[in-house]
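Engineer: no FASTA, just this:
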């Protein structure tokens with residue numbers, strides 16, 4: 001537990017934000033050392049892979065920054081971030097800001113754990129270690145992609161809600177705006193918004209803060225949807241949701257069972273079977289290309305959505321089996337190639353340079369748009385020995401899926417033992433982590449990069465669960481509390497397990513396990529405070545003469 005002096009030091013104001021940050025780091029040596037090492041790794045990455053690394057989706061984001069418009073496949077939040085940085089003409093600056101976002105994610109969780117849940121510095125630092133040191137996390141930050149920004153936004157939302165347990169209307173507006181940015185960065189942010197609202201309803205924070213969250217989220221999202229409607233004639237955020245769901249169902253869809261009657265749906269049938277679902281959407285020979293219209297046309301999207309709905313209704317068991325398969329794929333110890341070698345290799349620190357692709361984009365091409373944004377060489381240049389360091393590092397330091405599964409099980413235990421309080425503060429980060437893993441499995445397909453935003457939330461839920469040791473379920477805590485007085489009063493029928501222990505050990509064994517379950521205030525605001533009519537708890541005075549082992 002963080003002592004009173006340390007917590008008082010954390011609250012000391014500085015003369016400026018930079019001063020306060022330096023003071024914070026100096027008072028927390030474990031975090032300072034970890035942050036320093038993590039920053040060095042990111043610097044080595046920037047030196048080894050210049051100016052940035054690329055994924056297939058990266059070029060579409062750049063296209064939005066060069067030619068602002070509502071994108072038919074994905075919302076524009078990250079594209080607008082590139083637009084803000086466009087005057088600097090530097091992808092190195094882009095990935096530098098993303099490395100800062102990764103470090104900021106760790107700092108948010110660390111500060112929440114020591115200030116609101118009384119974790120010691122070493123334990124909070126251990127909690128954020130996967131964010132700081134996982135090689136795939138560092139590589140994802142170095143890609144021109146939205147995932148790092150999305151992760152910071154989601155962690156920011158969860159941090160604010162757990163920090164301000166009595167949410168004010170003003171803070172509800174802040175949370176809502178962050179949720180809107182999250183949804184405009186990746187559409188999976190909308191389910192996160194629904195989860196937050198349900199959590200606030202369960203916690204009974206009041207209708208005004210909840211209304212503030214909903215309105216502050218809705219205004220930017222609805223404005224974006226209206227803009228999208230002006231361009232495509234459809235009040236939505238994308239023209240890809242139905243097609244992506246179609247892609248998901250093609251892992252099992254059998255038209256002999258679905259029996260579609262409309263010609264537009266029959267066109268989407270195929271007897272080809274691929275090892276991964278993405279082929280059906282992205283390959284030029286896939287069924288959605290048969291209409292002779294742009295693939296992400298609003299009509300094609302509607303037909304694909306209708307086909308996917310009929311497939312799920314006709315084959316619900318097959319759909320659930322595919323979702324379960326991809327969900328549990330996340331928890332393997334090894335990291336097999338999936339969905340295909342090309343996608344898999346884009347998450348690796350590569351050792352060979354490749355030219356930028358020449359795909360046609362809106363008013364341009366992938367390679368020419370990237371060069372126009374950078375106003376110089378944009379293809380990744382691999383520079384030794386820095387790149388060699390990160391290649392070797394990635395082979396050794398990363399979070400295996402099995403460990404992530406164990407972390408989630410710890411969080412699940414923390415939710416289960418707090419069932420009377422509907423999971424307490426563990427519930428929100430744990431459900432958010434599981435949802436971020438489950439959503440791609442249910443609506444698209446498993447992809448390794450979809451796991452990384454769930455990691456800090458899963459670690460946060462596990463840390464809250466274990467902050468005072470392994471908590472006992474309510475029935476076990478009640479039994480322990482009932483047996484303890486008889487043993488201490490010398491009852492021959494009582495529990496004798498502590499009769500030969502020193503008083504210090506008796507006291508140490510009697511408090512921590514039941515405390516997180518029996519004290520509602522401790523789970524309610526993160527601090528073990530006395531109630532308004534309850535005197536402060538004090539440790540019992542120890543009488544040396546009462547030690548049964550004393551001669």
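Structural biologist: It's in. Since this is a predicted model, take the numbers as computed values, not measurements. Residues are numbered from 1 along each chain as shown.
Engineer: Surely residue 278 touches residue 339?
Structural biologist: Yes - using C-beta atoms under 8 Å, residue 278 is in contact with residue 339, at 5.5 Å. Backbone N, C-alpha and C define where each C-beta goes, glycine included.
Engineer: Find the residues that touch each one of the two.
Structural biologist: Common contacts of residue 278 and residue 339 (C-beta atoms under 8 Å, 6 or more residues apart in numbering): residue 445.
Engineer: how about low-confidence regions in the protein?
Structural biologist: Applying pLDDT under 70 to the chain flags residues 1-15, 472, 474-551.
Engineer: How far does the host helix or strand of residue 21 sit from its chain's centre?
Structural biologist: Assigned by DSSP states H and E, residue 21 belongs to helix 17-26. Distance, stretch centre to chain centre, for helix 17-26: 26 Å (C-alpha atoms, centre = their mean, to the nearest Å).
Engineer: Give me the three-state assignment for residue 377.
Structural biologist: Assigned with DSSP: H, G, I helix; E, B strand; the rest coil, residue 377 falls in the coil class.
Engineer: for it, what are its contacts?
Structural biologist: Residue 377 makes contact with 51, 371, according to C-beta under 8 Å, 6+ apart.
Engineer: how close does it get to residue 356?
Structural biologist: Going from residue 377 to residue 356 by C-beta to C-beta, to the nearest Å gives 10 Å.
Engineer: Can you check which residues contact both of the two?
Structural biologist: Counting by C-beta under 8 Å, 6+ apart, the shared contacts of residue 377 and residue 356 are residue 371.
Engineer: in terms of contact, does residue 333 touch residue 398 like I think?
Structural biologist: No - in this structure, residue 333 is not within contact of residue 398 by C-beta under 8 Å, at 11.4 Å.
Engineer: What's the separation between residue 25 and residue 265?
Structural biologist: From residue 25 over to residue 265 (counting by C-beta to C-beta), the distance is 59 Å.
Engineer: Looking at the two, which has the bigger crowd around it?
Structural biologist: residue 265 (18 against 15; other C-beta atoms under 10 Å).
Engineer: excluding its backbone neighbours, what's nearest the more buried one?
Structural biologist: Spatially, and ignoring its direct neighbours in sequence, residue 265 is nearest to residue 307 (5.0 Å; C-beta to C-beta, 6 or more residues apart in numbering).
Engineer: Count the neighbours of that neighbour for me.
Structural biologist: Using other C-beta under 10 Å: residue 307 sits among 29 other residues.
Engineer: That one touches residue 249, doesn't it?
Structural biologist: Yes - Residue 307 is within contact range of residue 249, at 7.3 Å (criterion: C-beta under 8 Å).
Engineer: next one: stretch 154-170 to chain centre, how far?
Structural biologist: 16 Å.
Engineer: List the buried residues for it?
Structural biologist: Neighbour counts over stretch 154-170 (16 or more other C-beta atoms under 10 Å) mark 154-164, 167 as buried.
Engineer: What is the nearest of the residues you listed to residue 430?
Structural biologist: residue 158 (10.2 Å; C-beta to C-beta).
Engineer: The closest one: what's its closest spatial neighbour, skipping adjacent residues?
Structural biologist: Closest to residue 158 by C-beta to C-beta, 6+ apart is residue 429, at 5.3 Å.
Engineer: Quick one: residues contacting that neighbour.
Structural biologist: Here residue 429 is in contact with 158, 162, 411, 457-458, 460-461, 464 (C-beta under 8 Å, 6+ apart).
Engineer: separation between it and residue 120?
Structural biologist: Separation of residue 429 from residue 120 (C-beta to C-beta) stands at 19 Å.
Engineer: Please apply the same query to residue 456.
Structural biologist: From residue 456 to residue 120 the distance is 19 Å (C-beta to C-beta).
Engineer: One more: residue 233?
Structural biologist: Distance from residue 233 to residue 120, counting by C-beta to C-beta: 57 Å.
Engineer: go on, residue 266?
Structural biologist: Distance from residue 266 to residue 120, by C-beta to C-beta: 63 Å.
Engineer: Quick check: residue 153 touching residue 188?
Structural biologist: No - with contacts counted by C-beta under 8 Å, residue 153 stays clear of residue 188, the gap being 11.4 Å.
Engineer: between these two, which one's more packed in?
Structural biologist: residue 153 (26 against 19).
Engineer: OK, contacts around residue 311?
Structural biologist: So residue 311 contacts 249, 252-253, 258, 319 (C-beta under 8 Å, 6+ apart).
Engineer: swap in residue 347?
Structural biologist: For residue 347, the contact set (C-beta under 8 Å, 6+ apart) comprises 136, 139-140, 448-449.
Engineer: Got a quick ChimeraX command for the buried subset of those residues?
Structural biologist: Applying 16+ other C-beta under 10 Å to those leaves a buried subset, and the ChimeraX line that selects it is:
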select :136,139,140,448,449
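Engineer: re the thing from before, show me which of residue 233 and residue 120 is the more surrounded one.
Structural biologist: Between residue 233 and residue 120, residue 120 has the larger neighbour count (other C-beta under 10 Å), namely 16 against 9.
Engineer: Now do the phi/psi pair for that one.
Structural biologist: When read as degrees, to the nearest 10, the backbone of residue 120 gives phi -70, psi 160.
Engineer: any idea how far residue 318 is from it?
Structural biologist: For residue 120, the distance to residue 318 - C-beta to C-beta - is 49 Å.
Engineer: Residue 211 now?
Structural biologist: If you measure residue 211 against residue 318 using C-beta to C-beta, the figure is 41 Å.
Engineer: Show me which of these two is the more surrounded one.
Structural biologist: Higher neighbour count among residue 211 and residue 318: residue 318, with 17 against 13, using other C-beta under 10 Å.
Engineer: Please, where are all the helices along the stretch 201-350 of the chain?
Structural biologist: Assigned by DSSP state H, counting those that start in this stretch, the helices in the stretch 201-350 of the chain fall at 207-232, 241-249, 255-258, 263-266, 278-282, 298-314, 316-328, 341-345.
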